[in-house]
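Student: Show me how the following folds:
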Amino acid sequence: MQSGGLSYLEVADAILSAERRLRNLDAGGSVVSEAVEALQETANSVADNLLQAARRYRAVGQALLDYAPQLESAQQESQSALESARVAQETADESSPGWRCPSSVWGQW
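Tutor: This next block holds a predicted model:
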């Protein structure tokens, strides 16, 4: 989860880098043709879209990083509970030799 969050943040940084390069395009002189003007407008429009995408990627990446410790804790707690249940079942099986929990029940976990 954490590596996914970091990956999203890296993508956000790359998108921001592209956005900055588009905004810094130089038309190359004081005389600007209609084609160059149109190119600059398109570059700015694309840069606006990239900025929105970068913000979204950053938000997702940060959300994943914020959630990762909680998920890890829940997984550890779940694993501990499962192990406790297995030990309890083994103890019950040993004390009641005539009855055993079907192995298919544990196969589901």
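
Student: ok now the helix or strand where Glu77 lies, how far from the chain's centre?
Tutor: Assigned by DSSP states H and E, Glu77 belongs to helix 34-95. Relative to the centre of its chain, helix 34-95 is centred 3 Å away, using CA atoms, centre = their mean, to the nearest Å.

Student: In contact with the residue lying closest to Val46 once chain neighbours are set aside, which residues?
Tutor: Excluding the flanking residues, the one nearest Val46 by CB to CB, 6 or more residues apart in numbering is Leu22, at 5.9 Å. Where C-beta positions appear, they are placed from N, C-alpha and C, glycine not excepted. Taking CB atoms under 8 Å, 6 or more residues apart in numbering as the criterion, Leu22 is in contact with 43-44, 46-47, 50.

Student: separation between Leu22 and Tyr8?
Tutor: Taking CB to CB, to the nearest Å as the measure, Leu22 and Tyr8 are separated by 21 Å.
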